Every structure is written in C-alpha cells, then in structure tokens.
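> Just to be clear, the model below is a prediction. Sequence and coordinates:
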Amino acid sequence: MKAQITQPITSQKVAVIGAGVSGLVVARELRQEGHHVIVFEQNNKIGGTWVYNPNTDSDLLSLDPSRTIVHTSLYESLRTNLPREALGFRAYPFIAKEEDKHRDPRRFPGHREVLHYLEDFVSEFGLSELIRFETEVVHVEFMEQRKCAVRSRTKDGNVDNEVFNAVVVCNGHHTVPNVAEVPCIDVWPGKQVHSHNYRVPGPFREKVVVVIGGAFSAFDISREIAGVAKEVHVASRSITNANPTKQLGYDNMWLHSMVRYKFDFPFLDKGVVTVDDNRVGMLYQHIFPPKFAPWLSFVGLTWKFSTFPLYEVQSKWVAGILSGRISLPTQDEMIKDVEAFYLKFEADGIPKRYTHNIWDYQFKYYDWLAAQCQIPPIEEWRSQMYAANGMNRNVRPEAYRDEWEDQNLILQAHDDFLQPLD
Ligand code: FAD
C-alpha cells in the first residue's frame, strides 16, 4: 500500500510510555512531526534496558509476583552484539568519541557506551524536557475516539489523570521473564536463576551449570560461566542433534537439544490487546491494534533485528499516521491482513510465540515501513554488515567483536553518516 497524503497535518497530544530506546526515538519522531509529547518514565533516568543495575529481582527466577523488580537484564560484561555503525539510529549515527577518555571507542562497545550514546541523543534533540521521570503509568482508558485517559503515579505516591489524543506503548519486553517449562524442575534441588537476573560469573565457580536457551544472552553467558564453572550444559530448541556434543574450543561445555521474556501491559484493560503464547494480538504490522488505531500503538515489540533503526522507522510511521500525513488501511482491511498473517503461521506450523520475530523478513519489513514514510530503504551497507557480522559470529564466536573483515562497509557507513536522515 502506498503512502498518501490524506488530510491536513494535525498535531496531537501524545503520551509515550517508557524512555528506553523505543520511547526516546518515538518522542523524537513525534515532536519532529509537530506533535505535543509527554514521555512517562518510571525510572529516574533514560535508557531502559541499557541502565545497568548490579541488583537483581529479589526472586532470581522472577516468578514471585510480590518480588522487587529490577528493569534491566544487562550483565556486567555485556558488549553489543552488533557493530556500532549498524546499531545506531539513522538520524544520529553511533560514532566513537575517541577524544573523550571516559568513552568506550570499541566497535562493539560495552553497555555503558550505549547508555552514553542514548544520553547524547536526548541532549542533541532536547528530549529531556519531554520526560516525566519517576512516573509510572498505571492505567490507560480509551474513552472515545482521540481521547485516552492516562493515570500515572509518581514515586512519592501522587496520582494524576491526564487526557491525551493518543498513546504509544514503549514499555520494553525484557523484564518479565518467560521461564522455560522443564519437566520435574520443582523437585530438582539446585539453584535456579533466570538470565534477566544474571550479572557476573562469580557465583557459578566450580558448579555444574545448565543454561537453557540459545539466543544472544545464552550464547554470551554460557561462555562467560564456562571460564569458572566445572561444567556448562547448554540446552536449546535450536540444537537438533539428539546426542550431547562438546562446544568447539571448550573442555567443559556441552550442547543439548530441548527446551524467554513475556510481553506485559499491566496498564491496559483486558481485551485491548491479548497476549497469547507471547503473541500480542491483534496488531497490524506489529504496531497498531486495528480497533484502536491509530490512537494506540506499540513500538519496539519486534525482535531479532538491529533494534535502534527499526524502532526509528516504526516511530516515523506512527508519527506520520497520527498527523494524517500517512494513511492506514481501514479497520477491516487491517484485520484481514493480520488474519492472513496468522493463517500463514498456522499453515507453516510455527508456534505463536514467534509472531514478533521478524528475522526472516526483517529488511523487507523495514523497507515497507520506509516506503510508507517516504524515506530511503535500509542502507545497503547496513544489511550487508548485519549479515557479515552474523557469519563472523558463527566462525569466530569468541573473537567476532574484536576481529572482522568488513572494512569497506565501515567506509561506506561513515560516508553515509555525513548526511544523516532527518
Ligand atoms: P526498554 O529498554 O526495556 O525500555 C522500556 C522503558 O519503559 C524502561 O525505561 C522502563 O522503566 C519504562 N517503563 C516500563 N513500564 C512503564 C510504565 N508503566 N510507566 C512508565 N515507564 C515504564 N539490541 C541491540 O540492538 N544490540 C544489542 O547488543 C542488544 N543487546 C541486548 C542485551 C540484553 C541482555 C537485552 C535484554 C537486550 C539487548 N538488546 C540489544 C535489545 C534491547 O532490548 C533494545 O536495544 C532496547 O533496549 C529495547 O528498548 P525499549 O525501549 O523497547 O525497552
């Protein structure tokens, strides 16, 4: 469907829930489009996931509903899984600040550098004046078209109700863990920890450890723990070999076949969206629930992509639709589109929990959104760098962050950075 100019551009009053990567880029794009924006952030700083906290949830499996909750899942040693050129926003490239000795100039920097980058982004675009810190959104009510009541509570208990034209949900999905179902785990005497609560390898010294999961965190954490543990056993659905195999390069790590985070919107009434086996439904293009579009949207639900540029284009789309510069299909058309998408999942036998995993069509999805927003498609160097990095990670799992062979792509990236997107 082609983007069309449908009506005069109008400015809306928009509430954004969360000041992590997605909330910040939504705020920037909404304001750029001329909307009036307020960002609610329960923490006392920006960055969401990227604000490292050595503390963990009080329940290390994060199952106890009365536990104290720590938002971030970062571990102390975390470095990005993408090179900074591919990771950063298109409007604000993530360039190393070699001259500042407090910064981490590595191509795959540690997590603190990402937080510094986000702080620079906020300062560059003057976003901090839009953010209400230590203010949690506790309820959102849709009263009538273009009117949503947002109830928020400050840290000292003050409750406020304010009416907005639209709400963009950017509350992240790395805080409520989806604990794997392991037969007889309840009678196993060992200690259990979800990776959301992993910080440092020390507590695993000389232990026999089972790591369940095969994604980026399990990849890094299992290697870090193998440095101190007696044995590490990685159990992952993606490992299909029935017999345990030794991890190449390790004497104490084995791979086993078998057995993530949940979407959670405690501030939305039941029925606004459903979460079924981690499918948030129904959402047109992973963003708009047809019944509430365009006044409710979700940015940042998709996973397995370089998150920053994708959230950026998702935000542009939402901002353009809210102003009337870009049009959405009718409600019926959106519903039909989502139903067809779900049918394909069923026909292919793919479980619902993979609904927002866009790995197989990430660039097509990006380019579709870019076309709607009338901006250029994903840069050729970025998609190539993404692929080259994936291959490098497979070939050099221990060293891919420090050894690479994509110098020509780095040069192309820096050439592009001279003219960032608006
Ligand atoms: P979050 O960062 O979770 O931010 C959500 C914000 O919403 C938080 O600040 C939270 O306090 C706030 N909030 C939540 N509920 C409320 C409420 N009710 N009221 C007010 N505020 C609220 N991506 C990459 O591209 N490269 C990487 O190398 C990479 N590494 C990662 C490593 C780990 C361990 C994890 C968990 C993720 C990693 N990611 C990586 C993905 C990462 O999640 C995204 O980069 C990004 O941080 C997600 O941003 P977000 O804004 O959607 O969510």
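Yep, that arrived.

> what sits against the residue of the stretch 201-350 of the chain found nearest the ligand?
The nearest approach of the stretch 201-350 of the chain to the ligand comes at residue 300, 3.2 Å away (CB to the nearest ligand atom). The way it works is simple: take the backbone N, C-alpha and C, and place the C-beta from them, glycine included. Residue 300 is in contact with 20, 21, 22, 170, 172, 173, 307, 311, 314, counting by CB atoms under 8 Å, 6 or more residues apart in numbering.

> how many neighbours does the first one have?
Same thing as residue 20. 25 (other CB atoms under 10 Å).

> How about it, nearest residue that isn't a chain neighbour?
Excluding the flanking residues, the one nearest residue 20 by CB to CB, 6 or more residues apart in numbering is residue 48, at 2.3 Å.

> helix or strand right after the helix-or-strand element of the chain with minimal mean pLDDT?
Ranked by mean pLDDT, DSSP states H and E, the weakest helix or strand in the chain is strand 176-177, scoring a mean of 65. Next helix or strand after strand 176-177 toward the C-terminus (DSSP states H and E): strand 208-212.

> Tell me the confidence at the residue of the stretch 201-350 of the chain closest to the ligand?
At residue 300, the pLDDT value in this model is 96.

> Ok, residue 2 next?
Listed pLDDT for residue 2 reads 40.

> thought the residue nearest to residue 20 was touching residue 71?
Yes. Residue 48 lies in contact with residue 71 (CB atoms under 8 Å); the separation is 6.6 Å.

> Of these two, which one has the most company?
Using other CB under 10 Å, the more surrounded residue of residue 48 and residue 71 is residue 48, with 26 against 20.

> For the more buried one, give me its contacts.
Taking CB under 8 Å, 6+ apart, one finds 18, 19, 20, 21, 23, 71, 72, 172 in contact with residue 48.

> ok, is the longest strand along the chain in contact with the ligand or not?
Identified as the longest strand of the chain according to DSSP state E is strand 135-144. Yes. Judged by CB under 6 Å from any ligand atom, strand 135-144 and the ligand are in contact via 136, 137.

> C-terminal to that strand, what's the next element?
strand 147-154.

> Just the CA trace of the very next helix or strand once past that following strand, in PDB.
Sequence order places strand 159-164 as the next helix or strand after strand 147-154, per DSSP H and E. C-alpha atoms of strand 159-164 as PDB (Å, rounded to 0.1, in the frame of the first residue of the first chain):
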ATOM      1  CA  VAL A 159      -1.700  10.100  41.200                       C
ATOM      2  CA  ASP A 160      -2.500  12.200  38.200                       C
ATOM      3  CA  ASN A 161      -5.100  11.700  35.400                       C
ATOM      4  CA  GLU A 162      -4.500  13.400  32.100                       C
ATOM      5  CA  VAL A 163      -6.300  13.200  28.700                       C
ATOM      6  CA  PHE A 164      -4.300  12.600  25.500                       C
END
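
> how would you label residue 120: helix, strand or coil?
Here residue 120 is recorded as helix under DSSP: H, G, I helix; E, B strand; the rest coil.

> nearest residue to it other than its sequence neighbours?
residue 92 (7.7 Å).

> list the contacts for the one you found?
120, 121, 124, 125, 420.

> Just the buried subset of those, written out for ChimeraX, thanks.
Selection of buried members from the contacts of residue 92 for ChimeraX, criterion 16 or more other CB atoms under 10 Å:
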select :121,125
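
> Closest to the ligand out of the contacts of residue 92?
Among the contacts of residue 92, residue 121 lies closest to the ligand (CB to the nearest ligand atom), at 12.3 Å.

> Excluding chain neighbours, what is closest to the closest one?
That would be residue 92: by CB to CB, 6+ apart, it lies 5.3 Å from residue 121.

> Confirm that neighbour sits in a helix?
No. Using three-state DSSP, the secondary structure at residue 92 is coil, not a helix.

> Give me the most central residue, this protein.
Nearest to the geometric centre of the chain sits residue 300, at 5.2 Å (CA atoms, centre = their mean).

> With adjacent residues omitted, what lies nearest to that one?
Using CB to CB, 6+ apart and skipping the chain neighbours, the partner closest in space to residue 300 is residue 22 (3.3 Å).

> does the ligand sit close to the strand or helix carrying the one you found?
Following DSSP H and E, one finds residue 22 within helix 21-32. Yes. On the criterion CB under 6 Å from any ligand atom, helix 21-32 is in touch with the ligand at 21, 22, 23.

> list the contacts for residue 71?
So residue 71 contacts 42, 43, 48, 49, 51, 53, 172, 175 (CB under 8 Å, 6+ apart).

> Of those, keep whichever come out buried.
Counted by 16+ other CB under 10 Å, those give 42, 43, 48, 49, 51, 172, 175 as buried.
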